[in-house]
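A.B. asks: 3D, please:
(one chain, ligands or ions: 1)
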Amino acid sequence: MNNVNVTNEKYSINIQEDNKKEIKIKDAFIYLADCMNVFCKIADNSIDFIATDPPYFLDGMGDEWSDVKLRKRESKAGVVRGLPRGMKFDPSQGKRLEIFFYNVSKEAIRVLKPGGFMASFSSGRLFHRIASASENAGFEIRDMLIWEHNGGQGKAFTQDHFVKKMKISNDEKENIIKKLQNRKTPQLRPKFESILLAQKPKEGTFVENWLTWGTGLIRTDFETQQTTILNYRKPNMRKEIGHMTIKPVGIMERLIEIFSVQGQVVLDPFMGSGTTGVAALRKMRKFIGFEIEKEYFKIAKKRLEQFNACYASNCYEKIG
Ligand SMILES: C[S@@+](CC[C@H](N)C(=O)[O-])C[C@H]1O[C@@H](n2cnc3c(N)ncnc32)[C@H](O)[C@@H]1O
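C.D. replies: Here you go, the predicted model:
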(Lines give C-alpha, C1' and ligand atoms only; values in the text may rest on other atoms or scores of the structure.)
Protein backbone atom coordinates (compact mmCIF):
# COMPACT_ATOMS: atom_id res chain seq x y z
CA MET A 1 0.00 0.00 0.00
CA ASN A 2 1.53 3.29 -1.09
CA ASN A 3 0.24 6.05 1.20
CA VAL A 4 0.66 9.66 0.17
CA ASN A 5 0.00 12.07 2.98
CA VAL A 6 -1.32 15.43 1.86
CA THR A 7 0.21 17.56 4.58
CA ASN A 8 0.68 20.86 2.81
CA GLU A 9 -3.02 21.61 3.31
CA LYS A 10 -4.92 22.24 6.51
CA TYR A 11 -6.74 18.95 5.93
CA SER A 12 -4.83 15.71 5.80
CA ILE A 13 -5.81 12.63 3.84
CA ASN A 14 -4.05 9.47 2.81
CA ILE A 15 -4.25 8.67 -0.86
CA GLN A 16 -3.54 4.99 -1.41
CA GLU A 17 -2.31 5.16 -4.96
CA ASP A 18 -2.40 1.47 -5.70
CA ASN A 19 -5.97 1.24 -4.49
CA LYS A 20 -8.26 2.92 -6.97
CA LYS A 21 -10.90 3.37 -4.32
CA GLU A 22 -9.19 6.66 -3.51
CA ILE A 23 -8.49 8.98 -6.40
CA LYS A 24 -7.22 12.53 -6.78
CA ILE A 25 -8.39 14.53 -9.80
CA LYS A 26 -7.15 18.13 -9.84
CA ASP A 27 -8.32 19.53 -6.48
CA ALA A 28 -10.79 16.70 -5.85
CA PHE A 29 -10.22 13.65 -3.66
CA ILE A 30 -12.86 10.97 -4.11
CA TYR A 31 -13.37 7.76 -2.18
CA LEU A 32 -15.30 4.63 -3.02
CA ALA A 33 -16.41 3.83 0.53
CA ASP A 34 -19.11 3.97 3.13
CA CYS A 35 -18.73 7.51 4.42
CA MET A 36 -18.79 6.27 8.00
CA ASN A 37 -15.57 4.35 7.31
CA VAL A 38 -13.66 7.25 5.75
CA PHE A 39 -14.72 10.30 7.75
CA CYS A 40 -11.88 9.29 10.11
CA LYS A 41 -9.40 10.25 7.37
CA ILE A 42 -10.39 13.89 7.69
CA ALA A 43 -8.84 16.02 10.40
CA ASP A 44 -10.94 17.92 12.95
CA ASN A 45 -11.91 21.51 12.03
CA SER A 46 -10.61 21.18 8.45
CA ILE A 47 -13.66 21.42 6.15
CA ASP A 48 -15.17 24.78 5.20
CA PHE A 49 -18.54 23.65 3.82
CA ILE A 50 -20.53 20.42 3.57
CA ALA A 51 -23.06 20.19 0.74
CA THR A 52 -24.85 16.90 0.50
CA ASP A 53 -27.85 14.96 -0.66
CA PRO A 54 -28.14 11.93 1.62
CA PRO A 55 -30.13 8.76 1.02
CA TYR A 56 -33.63 8.91 2.51
CA PHE A 57 -34.23 5.16 2.90
CA LEU A 58 -36.90 5.30 0.26
CA ASP A 59 -39.86 2.96 0.40
CA GLY A 60 -38.98 -0.53 -0.62
CA MET A 61 -35.42 -0.11 0.61
CA GLY A 62 -33.79 -1.27 3.82
CA ASP A 63 -31.15 0.64 5.75
CA GLU A 64 -28.64 -0.24 3.10
CA TRP A 65 -30.02 2.41 0.77
CA SER A 66 -28.93 1.83 -2.74
CA ASP A 67 -30.34 3.36 -5.81
CA VAL A 68 -28.55 0.68 -7.87
CA LYS A 69 -30.37 -2.07 -5.95
CA LEU A 70 -33.61 -0.09 -6.13
CA ARG A 71 -33.42 0.06 -9.92
CA LYS A 72 -32.97 -3.70 -10.06
CA ARG A 73 -36.20 -4.12 -8.09
CA GLU A 74 -38.30 -1.72 -10.11
CA SER A 75 -40.05 -2.16 -13.40
CA LYS A 76 -39.88 0.25 -16.31
CA ALA A 77 -42.88 2.07 -14.87
CA GLY A 78 -40.91 3.01 -11.76
CA VAL A 79 -42.81 0.57 -9.60
CA VAL A 80 -41.21 -0.96 -6.50
CA ARG A 81 -42.87 -4.12 -5.27
CA GLY A 82 -46.23 -3.31 -6.82
CA LEU A 83 -46.35 0.34 -5.72
CA PRO A 84 -44.92 3.49 -7.28
CA ARG A 85 -41.71 4.71 -5.66
CA GLY A 86 -42.44 6.89 -2.63
CA MET A 87 -46.03 5.73 -2.27
CA LYS A 88 -45.66 3.07 0.40
CA PHE A 89 -45.60 4.83 3.75
CA ASP A 90 -43.25 3.22 6.20
CA PRO A 91 -43.22 5.03 9.58
CA SER A 92 -39.97 3.35 10.64
CA GLN A 93 -38.24 4.93 7.65
CA GLY A 94 -37.97 8.31 9.42
CA LYS A 95 -36.65 6.78 12.63
CA ARG A 96 -33.96 4.84 10.78
CA LEU A 97 -32.98 7.95 8.84
CA GLU A 98 -32.71 10.00 12.04
CA ILE A 99 -30.34 7.50 13.67
CA PHE A 100 -28.28 7.24 10.50
CA PHE A 101 -28.10 11.01 10.03
CA TYR A 102 -27.22 11.59 13.69
CA ASN A 103 -24.10 9.46 13.22
CA VAL A 104 -23.25 11.26 9.98
CA SER A 105 -23.79 14.64 11.68
CA LYS A 106 -21.48 13.75 14.58
CA GLU A 107 -18.70 13.27 12.07
CA ALA A 108 -19.76 16.27 9.98
CA ILE A 109 -19.57 18.61 12.96
CA ARG A 110 -16.19 17.24 13.97
CA VAL A 111 -14.60 17.88 10.57
CA LEU A 112 -16.25 21.26 9.90
CA LYS A 113 -14.48 24.42 10.97
CA PRO A 114 -16.27 26.40 13.68
CA GLY A 115 -18.97 28.49 12.01
CA GLY A 116 -18.94 26.17 8.96
CA PHE A 117 -22.24 25.30 7.29
CA MET A 118 -23.81 22.03 6.25
CA ALA A 119 -26.50 22.20 3.55
CA SER A 120 -28.35 18.92 3.24
CA PHE A 121 -31.14 18.13 0.81
CA SER A 122 -34.10 16.30 2.26
CA SER A 123 -37.66 15.43 1.38
CA GLY A 124 -40.63 17.32 2.81
CA ARG A 125 -41.75 14.41 4.92
CA LEU A 126 -38.28 13.66 6.32
CA PHE A 127 -36.88 17.16 6.85
CA HIS A 128 -37.70 17.09 10.57
CA ARG A 129 -35.72 13.89 11.03
CA ILE A 130 -32.61 15.34 9.38
CA ALA A 131 -33.00 18.60 11.31
CA SER A 132 -33.43 16.86 14.69
CA ALA A 133 -30.56 14.50 14.04
CA SER A 134 -28.12 17.28 13.19
CA GLU A 135 -29.35 19.48 16.05
CA ASN A 136 -28.89 16.60 18.50
CA ALA A 137 -25.37 16.15 17.14
CA GLY A 138 -24.54 19.78 18.05
CA PHE A 139 -25.43 21.80 14.95
CA GLU A 140 -27.46 25.02 15.11
CA ILE A 141 -30.37 24.89 12.68
CA ARG A 142 -30.19 28.13 10.71
CA ASP A 143 -32.87 27.76 8.06
CA MET A 144 -34.78 25.73 5.54
CA LEU A 145 -33.87 26.56 1.96
CA ILE A 146 -36.09 25.50 -0.90
CA TRP A 147 -35.05 24.02 -4.22
CA GLU A 148 -37.97 25.03 -6.39
CA HIS A 149 -37.98 22.93 -9.54
CA ASN A 150 -40.15 22.21 -12.54
CA GLY A 151 -42.04 19.42 -10.79
CA GLY A 152 -41.71 15.73 -10.15
CA GLN A 153 -43.99 12.90 -11.06
CA GLY A 154 -47.49 13.01 -9.56
CA LYS A 155 -47.91 10.05 -7.21
CA ALA A 156 -51.52 10.46 -6.09
CA PHE A 157 -53.60 7.45 -7.11
CA THR A 158 -57.30 6.66 -7.10
CA GLN A 159 -58.44 3.61 -5.16
CA ASP A 160 -60.69 2.37 -7.96
CA HIS A 161 -58.49 -0.58 -8.88
CA PHE A 162 -58.74 -1.93 -5.30
CA VAL A 163 -62.51 -1.67 -5.42
CA LYS A 164 -62.61 -3.41 -8.79
CA LYS A 165 -60.76 -6.38 -7.26
CA MET A 166 -63.28 -6.73 -4.40
CA LYS A 167 -65.41 -9.86 -4.33
CA ILE A 168 -68.72 -8.00 -4.62
CA SER A 169 -71.20 -7.40 -7.41
CA ASN A 170 -70.44 -4.90 -10.18
CA ASP A 171 -73.28 -2.66 -8.96
CA GLU A 172 -71.76 -2.54 -5.48
CA LYS A 173 -68.34 -1.75 -6.96
CA GLU A 174 -69.78 1.09 -9.00
CA ASN A 175 -71.55 2.41 -5.95
CA ILE A 176 -68.33 2.50 -3.89
CA ILE A 177 -66.35 4.09 -6.72
CA LYS A 178 -69.00 6.81 -6.95
CA LYS A 179 -68.73 7.44 -3.20
CA LEU A 180 -64.95 7.85 -3.49
CA GLN A 181 -65.54 10.85 -5.84
CA ASN A 182 -62.23 10.30 -7.64
CA ARG A 183 -60.36 11.22 -4.43
CA LYS A 184 -56.70 10.20 -4.44
CA THR A 185 -53.95 9.15 -2.04
CA PRO A 186 -52.39 12.14 -0.19
CA GLN A 187 -49.52 13.01 -2.49
CA LEU A 188 -49.68 16.30 -4.35
CA ARG A 189 -47.31 16.63 -7.28
CA PRO A 190 -44.01 17.81 -5.76
CA LYS A 191 -42.60 21.17 -6.86
CA PHE A 192 -39.76 21.59 -4.36
CA GLU A 193 -37.20 19.87 -2.19
CA SER A 194 -36.19 21.23 1.18
CA ILE A 195 -32.57 21.87 2.10
CA LEU A 196 -31.54 21.93 5.73
CA LEU A 197 -29.09 24.69 6.59
CA ALA A 198 -27.18 23.79 9.76
CA GLN A 199 -24.18 25.57 11.24
CA LYS A 200 -21.42 24.38 13.55
CA PRO A 201 -21.38 26.80 16.51
CA LYS A 202 -18.92 29.60 15.85
CA GLU A 203 -16.10 30.70 18.12
CA GLY A 204 -16.70 34.19 19.51
CA THR A 205 -18.39 36.83 17.38
CA PHE A 206 -19.08 36.56 13.65
CA VAL A 207 -16.07 38.81 13.02
CA GLU A 208 -13.74 36.83 15.29
CA ASN A 209 -14.85 33.53 13.79
CA TRP A 210 -14.42 34.84 10.22
CA LEU A 211 -10.94 36.19 10.96
CA THR A 212 -9.82 32.91 12.57
CA TRP A 213 -11.57 30.33 10.40
CA GLY A 214 -12.90 32.11 7.28
CA THR A 215 -16.37 30.67 7.88
CA GLY A 216 -19.72 31.65 9.39
CA LEU A 217 -20.61 34.58 7.10
CA ILE A 218 -22.40 34.18 3.79
CA ARG A 219 -22.49 35.82 0.38
CA THR A 220 -25.86 37.27 -0.70
CA ASP A 221 -24.95 39.71 -3.50
CA PHE A 222 -25.72 37.95 -6.76
CA GLU A 223 -27.60 39.36 -9.81
CA THR A 224 -30.54 39.68 -7.43
CA GLN A 225 -30.26 39.32 -3.68
CA GLN A 226 -30.24 35.64 -2.76
CA THR A 227 -33.37 34.46 -0.96
CA THR A 228 -34.15 31.14 0.69
CA ILE A 229 -35.65 29.94 -2.61
CA LEU A 230 -33.34 28.56 -5.25
CA ASN A 231 -35.02 28.01 -8.57
CA TYR A 232 -33.32 25.46 -10.86
CA ARG A 233 -34.79 23.06 -13.39
CA LYS A 234 -34.36 19.36 -12.71
CA PRO A 235 -31.43 18.10 -14.77
CA ASN A 236 -32.59 16.26 -17.86
CA MET A 237 -29.31 14.32 -17.89
CA ARG A 238 -30.48 11.81 -15.28
CA LYS A 239 -30.63 9.00 -17.81
CA GLU A 240 -27.59 10.22 -19.71
CA ILE A 241 -25.38 10.45 -16.63
CA GLY A 242 -26.92 7.40 -14.97
CA HIS A 243 -27.97 8.59 -11.51
CA MET A 244 -31.63 8.68 -10.53
CA THR A 245 -31.39 11.54 -8.03
CA ILE A 246 -28.82 13.77 -9.70
CA LYS A 247 -28.97 17.45 -8.66
CA PRO A 248 -28.46 20.41 -11.00
CA VAL A 249 -24.83 21.60 -11.09
CA GLY A 250 -26.20 25.18 -10.96
CA ILE A 251 -27.80 24.83 -7.55
CA MET A 252 -24.70 23.20 -6.08
CA GLU A 253 -22.57 26.02 -7.51
CA ARG A 254 -24.85 28.60 -5.94
CA LEU A 255 -24.77 26.89 -2.52
CA ILE A 256 -20.99 26.72 -2.74
CA GLU A 257 -20.76 30.41 -3.63
CA ILE A 258 -23.05 31.42 -0.76
CA PHE A 259 -21.40 29.34 1.94
CA SER A 260 -17.70 29.18 1.02
CA VAL A 261 -14.98 31.20 -0.67
CA GLN A 262 -12.46 30.35 -3.39
CA GLY A 263 -9.74 27.91 -2.33
CA GLN A 264 -11.78 26.46 0.55
CA VAL A 265 -12.61 22.77 0.97
CA VAL A 266 -16.09 21.40 0.21
CA LEU A 267 -17.11 17.92 1.38
CA ASP A 268 -19.95 15.74 0.09
CA PRO A 269 -20.20 12.44 2.02
CA PHE A 270 -22.90 11.15 -0.40
CA MET A 271 -21.60 12.42 -3.71
CA GLY A 272 -23.49 10.04 -6.02
CA SER A 273 -22.54 11.04 -9.57
CA GLY A 274 -20.22 13.78 -8.29
CA THR A 275 -22.36 16.87 -8.97
CA THR A 276 -21.06 18.69 -5.86
CA GLY A 277 -17.50 17.90 -6.94
CA VAL A 278 -18.00 19.31 -10.44
CA ALA A 279 -19.60 22.44 -8.95
CA ALA A 280 -16.77 22.82 -6.42
CA LEU A 281 -14.06 22.63 -9.09
CA ARG A 282 -15.96 25.02 -11.33
CA LYS A 283 -16.08 27.49 -8.46
CA MET A 284 -12.37 26.99 -7.67
CA ARG A 285 -12.86 25.12 -4.41
CA LYS A 286 -11.19 21.90 -3.30
CA PHE A 287 -13.43 18.88 -3.03
CA ILE A 288 -13.64 15.67 -1.00
CA GLY A 289 -16.36 13.17 -1.91
CA PHE A 290 -17.46 9.75 -0.67
CA GLU A 291 -19.66 7.29 -2.52
CA ILE A 292 -20.56 3.75 -1.51
CA GLU A 293 -21.65 2.41 -4.93
CA LYS A 294 -18.95 1.52 -7.43
CA GLU A 295 -21.19 2.36 -10.39
CA TYR A 296 -21.72 5.93 -9.15
CA PHE A 297 -18.14 6.36 -8.02
CA LYS A 298 -17.07 5.60 -11.60
CA ILE A 299 -19.55 8.16 -12.96
CA ALA A 300 -18.25 10.79 -10.52
CA LYS A 301 -14.68 10.00 -11.49
CA LYS A 302 -15.54 10.36 -15.19
CA ARG A 303 -17.34 13.69 -14.68
CA LEU A 304 -14.47 15.15 -12.66
CA GLU A 305 -11.93 13.92 -15.22
CA GLN A 306 -14.02 15.46 -18.02
CA PHE A 307 -14.11 18.74 -16.14
CA ASN A 308 -10.37 18.59 -15.62
CA ALA A 309 -9.69 17.88 -19.30
CA CYS A 310 -12.02 20.65 -20.43
CA TYR A 311 -10.79 23.13 -17.84
CA ALA A 312 -7.41 23.16 -19.56
CA SER A 313 -9.03 23.90 -22.91
CA ASN A 314 -11.57 26.40 -21.50
CA CYS A 315 -14.67 24.43 -22.48
CA TYR A 316 -15.75 23.66 -18.92
CA GLU A 317 -18.98 25.62 -19.23
CA LYS A 318 -20.33 22.64 -21.18
CA ILE A 319 -19.64 20.05 -18.50
CA GLY A 320 -22.74 19.18 -16.48
C1 LIG B 1 -29.32 11.07 -3.22
S2 LIG B 1 -27.91 10.38 -3.86
C3 LIG B 1 -26.83 11.74 -4.23
C4 LIG B 1 -26.90 12.19 -5.67
C5 LIG B 1 -26.01 13.38 -5.98
N6 LIG B 1 -26.50 14.57 -5.39
C7 LIG B 1 -25.86 13.59 -7.49
O8 LIG B 1 -26.13 14.69 -7.99
O9 LIG B 1 -25.48 12.65 -8.17
C10 LIG B 1 -27.17 9.68 -2.45
C11 LIG B 1 -25.94 8.85 -2.74
O12 LIG B 1 -25.40 8.41 -1.50
C13 LIG B 1 -24.84 7.11 -1.70
N14 LIG B 1 -24.73 6.49 -0.37
C15 LIG B 1 -25.70 5.87 0.35
N16 LIG B 1 -25.23 5.48 1.54
C17 LIG B 1 -23.92 5.87 1.58
C18 LIG B 1 -22.89 5.77 2.56
N19 LIG B 1 -23.09 5.16 3.74
N20 LIG B 1 -21.66 6.30 2.27
C21 LIG B 1 -21.43 6.90 1.08
N22 LIG B 1 -22.36 7.01 0.10
C23 LIG B 1 -23.61 6.51 0.36
C24 LIG B 1 -25.81 6.44 -2.65
O25 LIG B 1 -25.22 5.37 -3.36
C26 LIG B 1 -26.23 7.60 -3.57
O27 LIG B 1 -25.46 7.64 -4.75
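A.B. asks: which residues in this structure form strands?
C.D. replies: 3-5, 14-16, 22-25, 28-32, 47-52, 79-80, 83-84, 112-122, 140-148, 192-199, 229-231, 265-268, 286-291 (DSSP state E).
A.B. asks: now the third one: buried residues?
C.D. replies: Yep, that's strand 22-25 we're talking about. Counting neighbours by 16 or more other Cβ atoms under 10 Å, one finds that the buried residues in strand 22-25 are 22, 23, 25. Where you see a C-beta, it was placed from the backbone N, CA and C, and this is true even at glycine.
A.B. asks: cool, and the longest one?
C.D. replies: By neighbour count with 16+ other Cβ under 10 Å, strand 112-122 contains the buried residues 112, 113, 114, 115, 116, 117, 118, 119, 120, 121, 122.
A.B. asks: may I ask you to confirm that the last one is in contact with residue 195?
C.D. replies: Yes: Residue 122 is in contact with residue 195 according to Cβ atoms under 8 Å; the separation is 7.2 Å.
A.B. asks: coming back round to it: and which of the buried residues of strand 22-25 is nearest to the ligand?
C.D. replies: Nearest to the ligand, judged by Cβ to the nearest ligand atom, of these is residue 22 at 13.5 Å.
A.B. asks: who does that closest one bridge with?
C.D. replies: residue 31 (DSSP bridges).
A.B. asks: mind listing what the residue nearest the centre of the chain touches?
C.D. replies: Centroid-nearest residue in the chain, with Cα atoms, centre = their mean: residue 53, separated by 0.7 Å. Neighbouring residues of residue 53 by Cβ atoms under 8 Å, 6 or more residues apart in numbering: 120, 121, 245, 247, 268, 270, 272, 276.
A.B. asks: what does residue 117 give?
C.D. replies: 49, 50, 142, 197, 198, 199, 200, 215, 218, 259.
A.B. asks: ok, residue 311 next?
C.D. replies: Neighbour list for residue 311: 26, 281 [criterion: Cβ under 8 Å, 6+ apart].
A.B. asks: if we can go back for a sec, now tabulate the strands of the chain in JSON lines and tack on distance to residue 168.
C.D. replies: Listed next are the strands of the chain as JSON lines, based on distance: least, Cβ to Cβ, whole Å:
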{"stretch": "strand 3-5", "distance to residue 168": "70"}
{"stretch": "strand 14-16", "distance to residue 168": "65"}
{"stretch": "strand 22-25", "distance to residue 168": "61"}
{"stretch": "strand 28-32", "distance to residue 168": "55"}
{"stretch": "strand 47-52", "distance to residue 168": "50"}
{"stretch": "strand 79-80", "distance to residue 168": "26"}
{"stretch": "strand 83-84", "distance to residue 168": "23"}
{"stretch": "strand 112-122", "distance to residue 168": "42"}
{"stretch": "strand 140-148", "distance to residue 168": "45"}
{"stretch": "strand 192-199", "distance to residue 168": "41"}
{"stretch": "strand 229-231", "distance to residue 168": "49"}
{"stretch": "strand 265-268", "distance to residue 168": "53"}
{"stretch": "strand 286-291", "distance to residue 168": "51"}
